[in-house]
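Trainee: Test case, fold it:
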Amino acid sequence: MWFSFWRSRDRFSLDELRYLTDQLMKVPIVNEVNKDFVIEALRSIAELITYGDQHDASFFEFFMEKQVMGEFVRILKISRTVIVSLQLLQTMSIMIQNLKSEHSIYYMFSNEHINELITYSFDFRNEELLSYYISFLRAISGKLNKDTISLLVQTQNDEVVGFPLYVEAIKFAFHEEGMVRTAVRALTLNVYHVGDECVNKYIASVPHADYFSELVKFFCKQCTTLNELVSSASGSQGHESISTILSAVDEIEDNLYYFSDVISAGIPDVGRLITDNILVLLIFPLLLPSLAMEVVDGTKIGAATSLYLLCCILRIVKIKDMANTVAATLFCPIDAFVPSSGAKVNGYKSDHEKSEETNSTNLINSEVDSRSLKISIPSSSSQIQLEDGFLRHNFKGSHLALRDALLSYVTRGDDVQVVGSLSVLATLLQTKELDESMLDALGILPQRKKHKKLLLQALVGEGSGEEQLFSSGSNILRDGGGSELDIYLQKLKDHYGVSCSCAEVGESPRVHRFQVLNALVNLFCRSNISAETLWDGGWLLRQLLPYSEAEFNSHHLKLLEDSYKNCNNLLIEEAQGTWPDLLITVLCDEWRKCKRAIEASSPRKEPKCLLLPPHKLSVEDRSPGESSLAAGERMYELVKVFVLLHQLQTFSAGRPLPDQPPIHPPADLPENPRANTSGVDILGPKPNTELNIDEAVPCRIAFERGKERHFCFLAIAVGTAGWIILAEELPLKPHSGVVRVAAPLAGCKPRIDEKHSRWLHLRIRPSTLPMVDRYGGGKMKTKALVDGRWTLAFRDEESCKSAFSMILEELHSQSTEVERRLKPLLFDDEGDPNNIISLSNSSSRTFSNSL
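Mentor: Residues are numbered from 1 along each chain as shown. Next up is the predicted model:
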C-alpha cells in the first residue's frame, strides 16, 4: 500500500489531497514502519491546503467535509514516535500562519480539535518538541481578534471559564530558554490586545492573576542575579564580564518593556496589580533600603544596581501612580523600608531555598512569613497592608530621608554613586507622569517650567501666581505647592502602611531646590570624580538654571571660583607638560562636546553605565615616572573639567555659550629662527625630505644592538607643534641633510647622563593620543603603545649641552605659543586667572544668602 503513494500524480490537485487523506485514514497505528509515509502525508496536506486557500476553495471544502482536523488529532493519539508529533505541530503552524481566508480560520478554530491539540500531553523533555509546540501556540495567537478568540474559549452562563491557549502558554512563561519566554510573552500580548472584556475578566481573576505576581517575582530574581554579576565584576573591566552584565541588562529591560506593553493593553486591575507588586516585592524591600550610605544588614541589592533599576522602572514602565509613589518615598526615612531582623522579603529566597515552587502564590490574597510582607488586594478596592516588623513604624524627622541620601551620594559618594544619584534625579525630572508640583517639592523643577506655571496662574487671575511671577528672584520659589505630594504620602500610609513624619515634608520647595543646587556646586568642587560624571551634573544644573546665577549665593560662587582657578592653574601647567601640541585641539573638541552635552534635551548616558564603573583619574594625580599615555589621559580629564567649569560660569553669568572657546588664532608665520633656517614649516618634517642642517649637532645612536648610526640632531618648534629630528648628512650637498627619523618634541624629558656627560637621554612619546574609543562606563581604551627611549651620544660634552639647550629653547617656544593662544581663555586683562562670575553683586542675593 505504501509504495502506491509514490506514483506519479499532479502534486497540487484535489485528487492528490483526496488520495493523501484516504491513505491517512487507513493508518491504524503509527510506528517505525509507516512513520515516513505519515510524515510526508502531513507535510503535503499542509502544502495543498495552503495552496488551495489562495487558488481553489474546493480544497478547503474537502478538508472540512472529511474532517481532516479530527484525523490529525487521531494520528497524534495513535503515534508512538516523537517525530510524527513534531511534523503534526509544524503542519498545523504552517497552515494557521498561511491561511488568508477568514472562513478557513473560523473553521480551524470553530471546533475543539485545536484545543485538543493544545491540551495534549506532549513529552516536553524533548526540547525540539517544546519549540514546535510553542511555535504552534504563537501561530494561533497571531490570528486572534474579537471574533476568533471566542471560538477558543470555554464559556458558562456567558462567562469565560476556560482558555486553554492562554493557560497552557503561561506554564512556560518562566522557562529557562529565553526564546520560549519571548514567544510566550508575544502570545500573551496578542491575547491582551484583543480587548475582549470577558477574556480580560478571566485573565484578571483568581488564579490566573497569579501570573502577574509570578512575573514580578521572576523579575526580582533577575535583579538579584544582575547584582551578583555586578558585584563579581567590580574592579574588573574584562570584556567577558562586561558582556555578561550587558546581556543581563538586556533581559531586565525586556522584562520592563513587557510590563509596559501589558499595562498599555488597558485590562482593568492588571496595571494596578503589576504596579503594586513592583512596589511591594521589589522597590520597597529591595531597592530603597540599599540607598543608605551605610550598608544595611539584609540588603540584597547593591546601591549601583538599585539606582539603575529605579531609573529603568521610571523610564520604561510609565505609570503615573508608580512614578508619583516612588517620588513620594524619597521624603520617607530609609529606616521605613529596612526589614526588621530576620524578616524575609516576599518573593526572595536565599541560595539554599531556591528549589522549584510547586504551588503558585495567590496574588489577590498572598501571605508570606509572619514577620515579612503581607499583601491583601480585595477585588473591589486595591489595598495593601504591610505587617509585623516591616514598614509598620513611624519615624521621626531626624532620620535621613531617601532624598537626602541621594544628595549625599552627590556630595560624598564615589563615582558610581554620584552617577546613579544624578541619573535618578534626571530621570525624575524627565518623567512626564510626575506632576510638576512633585518636581517642585523635590527641588528639581526646571526654572523655565516654574516661570511657565506662574505665568499661567497670572493669566487666569490667580493672585499668588502673578505676585511670584513679577517678584524678585529671591522669592520666586516661595510657594509650597505640595498638594500632589500630600496625596501620595497619604496613599503610602493608607495603602502600603508607610508612615512619613520627616520634617522635610513641611519645608518650602525653595529650600529643597537650594539643597539640590548646593549638592551640585559641591560636586563641581570635587577632584576625585571623573569628568564624565561632572558633565552629567552640568547637564542637570543647566536644566535647573537655564538663564542666570540668581539662585547662587556668595558661598556657591566662591566655591566655583576656587575650583575654576585651581583647574585654570593646572591647565597652565599642561602648556609646559607632555602634550602641549595637542592641548588646544583637545580643548576645542571637548568644548563642542561639552556644550552639546549640557544643552541636550536628555543626559548622554544610559542608566546601564552605572553597572560599568567609569575610569577615574584625578586631575591632580601626578607622578614623576608616569607614562606619556597616563599624562595624556590626565590631560584629557583636566580639559574636560576645565571646559565644564568655564561653561557653567559662562551661562550662570547670563551669557550665551560660544560654539568655540575664546582663544587666539595661530600665528601667521613661524617666529622661530631655527625653523626658518632649517626650512621646516607648520606641516612638520617629512621622511626623506631635505633640510638645512647648519644648526644641527652631530650624534650617534643605535636603534639595533651593535648597529650604530651617525645623524645630525635638531630640535624645532613651529607654533604649537614641535619635533626632534635626526637627519642624515648629504655628502655631495654641504649644509644639507635628509630627514630619517622625526619624533614629537613635547614630553621628551631631556636628561644628560650623570656618569657619561656626552650622553643625552630622551623619552619619545607617541605622536597621537589613542583615546578615542569608549564603551559603557566611560573607561578609555588605549592601544598597546609604550614610550620609546633614545640615548644619543655626542662628540663631546659641549655638543651634548648644546643639544640639551636646543631642546629647552624649543620647548619654551612651543609652550609660549600655547599660552599665547590660550590667554583670552585663561587670563584676564591684568594677567590674573580669568574668573567670569564677579562676586561684587553677591551681597544683594538675600534669598540665597539667608539660606
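Trainee: For the rest of this, base every contact and every neighbour count on C-alpha atoms.
Mentor: Will do.
Trainee: Give the burial count for Asp787, as a bare number.
Mentor: Residues near Asp787, counting by other C-alpha atoms under 10 Å, number 12.
Trainee: what residues are up against the closest residue to it other than its chain neighbours?
Mentor: Once flanking residues are discounted, Asp787 sits nearest to Arg765: 4.9 Å by C-alpha to C-alpha, 6 or more residues apart in numbering. Contact analysis of Arg765 by C-alpha atoms under 8 Å, 6 or more residues apart in numbering lists 628, 743-744, 747-748, 786-788.
Trainee: Buried residues in the one helix or strand Ser247 maps to, which are they?
Mentor: Ser247 is part of helix 239-264, with elements assigned from DSSP states H and E. Judged by neighbour count (16 or more other C-alpha atoms under 10 Å), helix 239-264 contains these buried residues: 241-242, 245-246, 248-249, 251-253, 255-264.
Trainee: After it, which helix or strand is next? Please name it.
Mentor: helix 270-277.
Trainee: what's the average pLDDT for that following helix?
Mentor: The predicted model assigns helix 270-277 a mean pLDDT of 92.
Trainee: Check which helices and strands the very next helix or strand once past it is in contact with.
Mentor: Next along the chain after helix 270-277, taking DSSP H and E as the criterion, comes helix 303-316. On a contact count with 3 or more C-alpha pairs under 8 Å, 6 or more residues apart in numbering; DSSP states H and E, helix 303-316 meets helix 210-232, helix 239-264, helix 415-430.
Trainee: mind redoing it with 10 Å?
Mentor: Packed against helix 303-316 by the contact rule (3 or more C-alpha pairs under 10 Å, 6 or more residues apart in numbering; DSSP states H and E) you find helix 210-232, helix 239-264, helix 320-329, helix 415-430.
Trainee: and the angle for the helix holding Ser247 with helix 210-232?
Mentor: Our comparison of helix 239-264 with helix 210-232, counting by axes from the mean of the first three to the mean of the last three C-alpha atoms, to 10 degrees, yields an angle of 160 degrees.
Trainee: In ChimeraX, how would I select just the buried ones from the contacts of Arg765?
Mentor: Selection of the buried residues among those in ChimeraX, burial being defined by 16+ other C-alpha under 10 Å:
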select :628,743,744,747,748
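Trainee: what's the average pLDDT for the longest strand belonging to the chain?
Mentor: Taking DSSP state E as the criterion, the chain has its longest strand at strand 707-718. If you average the pLDDT over strand 707-718, you get 91.
Trainee: the longest helix in this protein is where?
Mentor: Among the segments of the chain that qualify as a helix by DSSP state H, the longest is helix 797-826.
Trainee: For that helix, buried residues please.
Mentor: 799-801, 803-804, 806-808, 810-811, 813-826.
Trainee: could you pull out the helices for the stretch 101-250 of the chain?
Mentor: For the stretch 101-250 of the chain, helices defined by DSSP state H, counting those that start in this stretch occupy the ranges 102-110, 113-119, 127-141, 164-170, 178-192, 197-203, 210-232, 239-264.
Trainee: Just tell me which of these ends up closest to Asp53.
Mentor: Nearest to Asp53 among the helices of the stretch 101-250 of the chain is helix 102-110 (7.7 Å), distances taken as C-alpha to C-alpha.
Trainee: what's the angle between the closest one and helix 127-141?
Mentor: 120 degrees.
Trainee: Can you spell out which helices and strands pack onto helix 102-110?
Mentor: Checking 3+ C-alpha pairs under 10 Å, 6+ apart, helix 102-110 ends up next to helix 35-55, helix 57-65, helix 82-98, helix 127-141.
Trainee: and that helix, average pLDDT?
Mentor: The pLDDT scores in helix 102-110 average 91.
Trainee: Show me the contact partners of that helix.
Mentor: 49, 53, 57, 60-61, 63-64, 69, 92, 95-99, 114-115, 140, 143-144, 147-152 (C-alpha atoms under 10 Å, 6 or more residues apart in numbering).
Trainee: Counting neighbours, which of those end up buried?
Mentor: Here, 16+ other C-alpha under 10 Å leaves 49, 53, 60, 63, 69, 92, 95-99, 114-115, 140, 143-144, 148-152 buried among these.
Trainee: so who does the spatially closest residue to Gln814 that is not a sequence neighbour touch?
Mentor: Excluding the flanking residues, the one nearest Gln814 by C-alpha to C-alpha, 6+ apart is Thr720, at 5.1 Å. By C-alpha under 10 Å, 6+ apart, the contact set of Thr720 is 575, 580-584, 666-667, 682, 746, 811, 813-821.
Trainee: Let's see that with 6 Å instead.
Mentor: 581, 814, 817-818 (C-alpha atoms under 6 Å, 6 or more residues apart in numbering).
Trainee: I'd say Ser815 and Glu574 touch.
Mentor: No. Using C-alpha atoms under 6 Å, Ser815 is not in contact with Glu574, being 8.9 Å away.
Trainee: Report the buried residues of stretch 193-200.
Mentor: Judged by neighbour count (16+ other C-alpha under 10 Å), stretch 193-200 contains these buried residues: 193-194, 196, 199-200.
Trainee: Can you pull out the residues in contact with stretch 808-827?
Mentor: Contacts for stretch 808-827 (C-alpha under 6 Å, 6+ apart): 575-576, 662-664, 716-717, 719-720, 833-834.
Trainee: can you do 7 Å?
Mentor: Contact partners of stretch 808-827, identified using C-alpha atoms under 7 Å, 6 or more residues apart in numbering, comprise 568, 575-576, 580, 662-665, 715-717, 719-722, 746, 833-834.
Trainee: what's the answer for stretch 698-711, then?
Mentor: Against stretch 698-711 from outside (C-alpha under 7 Å, 6+ apart): 712-713, 726-728, 791-795.
Trainee: strand partners of the longest strand of the chain, parallel vs antiparallel please.
Mentor: Strand 707-718 has its sheet partners listed here by DSSP bridges as strand 697-704 (antiparallel), strand 721-729 (antiparallel).
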